[in-house]
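> this one's structure only:
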């Protein structure tokens, strides 16, 4: 993984000192809350319902075991013993004290981590495919470009006060695990006819109040032009994005109101001018320098045969069940990718205690070249596990209470913190996730249902990605009472789609029944081997709607 | 008849507090100063001092009512603020009742 | 209001003229609207001319007239309105403006470095501003990851240099 050089170390250290001074000035009364708020937000510090909340960047979801241990330490010393992994591959602490945050950040800087631009109307932490560098289906390693974008976006002098927040995602594989079509900018790696790598640039996707699927504004962007092109898109947005209405300020609205063709013309015009003025051509040397950090680890020369694994699969059905859900294909023969579910039955999606973080760090050190990933589905990944070690990894996870075999299944639920923590929420998300999880706890039933992504947001801001859930659940406030609107058929992958609203919202005590009904209709309608989404696309909303509202 | 109190978050740690008599701030809703019939202006004026003295952040008015075990915030969001996350009874103000860390009274 | 310019606090020698105020001698700053309405008269005026653009007015609207202005003020109505950063870079990098580029409006020290990097070289600050604080703000962050109007050597460029040197 990437390691800081003197420039990176210096910048992060200086940023901590700068923030320490900003906190001091706030406490001393030199800054009003109105002046301080944008400053603290640009360093990831929110004021939530019960306390401050600090969002720490996990750039493109990549963590070392050493960093994970530090996150556990921070949870113990500065928080209440746990953290929450988010849909943006970050971690949030829910109880830090304002005056301790600079110390906390200093401890993070020691392990090359920061909270820069995890909030605010600026370019946020760039996200990427959690299987980057190890996926069997990859064209190029997106981490190289994600790191370049991380640096370029950090304290960008021109784009730190945009009309609204700005999220960039990048995937190196045709199977999109980074949801690039629902980001402000999505970058999809492709190769042109001359077999050179480049990007398909998708702009104007997003969730929130007005969900939209992004549009391709450049079919093929050569790698050296990446930063100049990003600068061009951002400049057009910074100048023309709406600032009169918070809810219409995202770039998707600008693209929509301007029209894709005109927007594309404006960007290309800006790109041509910037290429003449201040081209930031990516030098081959810098690309090579960064790429060198992402060289594959020292894989052992393992054959295809994995007798220990085969034996365990044949004799231990619990392991086999976990293996079926949690293990993905690795590009290196003899290795596998392990996804660790942070969704225990009845648990809080994405929460991990300090002890659990340390257990994962231990396993990463022993079995995965000390590397860990955070997924946008709020799970963790050990990216480089020898197949012969999978049984041992599973036993380790079981011991730590982290072996729930439900990855990709109905209880692998995405949920935002909701009204239990969040100032913006209209309704609670976590209790709904817990109830659904318990209802579908039976593993045989889950495996029978197959891939089904349930995503829950506590408000229209859609941090829980409900628009792109196969079953999406949105919390709304109806005269002070929590209600939940259900959408069906959403999809965050390369076949991206926004869910359809089934009808009037359900009260909190009826949501799990409604999900149960949706699953029953699916099972009833399902043809051979069809996944939920395929069935839904074939039969449409009607049969679901009919059953859901039959009793009314 | 409606009753209201002024709430805010404490500057230092973000803890939920309520305006109490003489401009003090209390962590306990039962100890808050109550305005009847929307006569909240004097309370907000008093709360201003907490802002100036940098004790609290963004004070605002909430509706309260009498419950079986004392005063209750009317809206669910304020009830959660007054107690803690409903999914972690060991955290927040409720932790005092459930026998863990914090006390209801957080002196400023 | 005082100005921070060339690492010093200086008095403002320019007079900001309302659109309906009578023209006076000496250095004056006018609005874009007045410039567009009275361009011919103003062009023949002796004495330095400055112009102020609010954040929704663009450099393109004066790009053919830049030679007329020895001061351009870009207004930040609120410090969270970041349009003027782009306008400043365009004035410097696209249109080659070399006169004074002044940040006016809600100008705070926490954005000082960003402004400087985008090409501003004068800053209208609140009365009572402590110069030391402002100057410290420009040195708080010494690393630049992106090229901008100030042409500071980026981290990327410095890494390349050190690679070639070694």
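Good, I have the coordinates. This is a predicted model, so every value here is computed, not measured.
> how close does the closest residue to chain B within the stretch 201-350 of chain A get to residue B:86?
Residue nearest to chain B within the stretch 201-350 of chain A (Cβ to the nearest Cβ): residue A:348, separated by 5.9 Å. (C-beta placed from N, C-alpha, C; glycine too.) Counting by Cβ to Cβ, to the nearest Å, the separation of residue A:348 from residue B:86 is 11 Å.
> name the nearest residue to the one residue in chain C that gets nearest to chain A, sequence neighbours excluded.
Minimum separation of chain C from chain A (Cβ to the nearest Cβ) falls at residue C:82, amounting to 2.9 Å. If the residues on either side of it in the chain are set aside, residue C:82 comes closest to residue A:161, at 2.9 Å by Cβ to Cβ, 6 or more residues apart in numbering or on different chains.
> which SSE is the one you found in?
Applying DSSP states H and E as the criterion places residue A:161 outside every helix and strand.
> residue contacts, it?
When contacts are counted by Cβ atoms under 8 Å, 6 or more residues apart in numbering or on different chains, residue A:161 touches A:38, A:121-122, C:79-82, C:85, C:111.
> quick one, phi psi at it?
phi -130, psi 70 (degrees, to the nearest 10).
> now the closest residue to chain B within chain C. Nearest residue, chain neighbours left out?
Nearest residue of chain C to chain B, counting by Cβ to the nearest Cβ: residue C:80, 17.1 Å away. Nearest residue to residue C:80, sequence neighbours excluded (Cβ to Cβ, 6+ apart): residue A:161, at 5.3 Å.
> per-residue pLDDT of that neighbour, please?
With respect to pLDDT, residue A:161 scores 97.
> over to the one 4 residues further on?
In the predicted model, residue A:165 carries a pLDDT score of 96.
> how close does it sit to residue A:237?
Taken as Cβ to Cβ, the span from residue A:165 to residue A:237 is 11 Å.
> more neighbours: which of the two?
More crowded of residue A:165 and residue A:237, by other Cβ atoms under 10 Å in any protein chain shown: residue A:237, with 27 against 19.
> and chain A, which residues reach chain B?
A:26-27, A:29, A:33, A:47-52, A:80, A:95, A:97-99, A:348, A:419-421, A:425, A:428, A:430-431, A:434, A:480-482 (Cβ under 8 Å from any Cβ of the partner chain).
> out of these, which are buried?
A:26, A:47-52, A:80, A:95, A:97-98, A:348, A:419-421, A:425, A:428, A:430-431, A:434, A:482 (16 or more other Cβ atoms under 10 Å in any protein chain shown).
> picking up where we left off before, I'd like to know how far the residue nearest to residue C:80 sits from residue A:10.
Separation of residue A:161 from residue A:10 (Cβ to Cβ): 24 Å.
> Three-state assignment for residue A:346, please.
With DSSP: H, G, I helix; E, B strand; the rest coil as the basis, residue A:346 sits in coil.
> contacting residues for it?
A:434, A:437-438, A:441.
> residue 74: which element?
Unless you meant another one, I'm taking chain A. Applying DSSP H and E as the criterion places residue A:74 in helix A:65-78.
> wait, chain C was what I had in mind.
Using DSSP H and E, residue C:74 falls in strand C:71-76.
> list the strands paired with that strand, with their directions.
Note on strand C:71-76: by DSSP bridges, its sheet partners are strand C:49-53 (parallel), strand C:100-105 (parallel).
> for those, give me CSV that also has mean neighbour count, distance to residue A:528 and mean pLDDT.
Listed next are the strands paired with strand C:71-76 as CSV, based on neighbours: other Cβ atoms under 10 Å in any protein chain shown; distance: least, Cβ to Cβ, whole Å; pLDDT from 0 to 100:
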stretch, mean neighbour count, distance to residue A:528, mean pLDDT
strand C:49-53, 21, 66, 97
strand C:100-105, 23, 66, 98
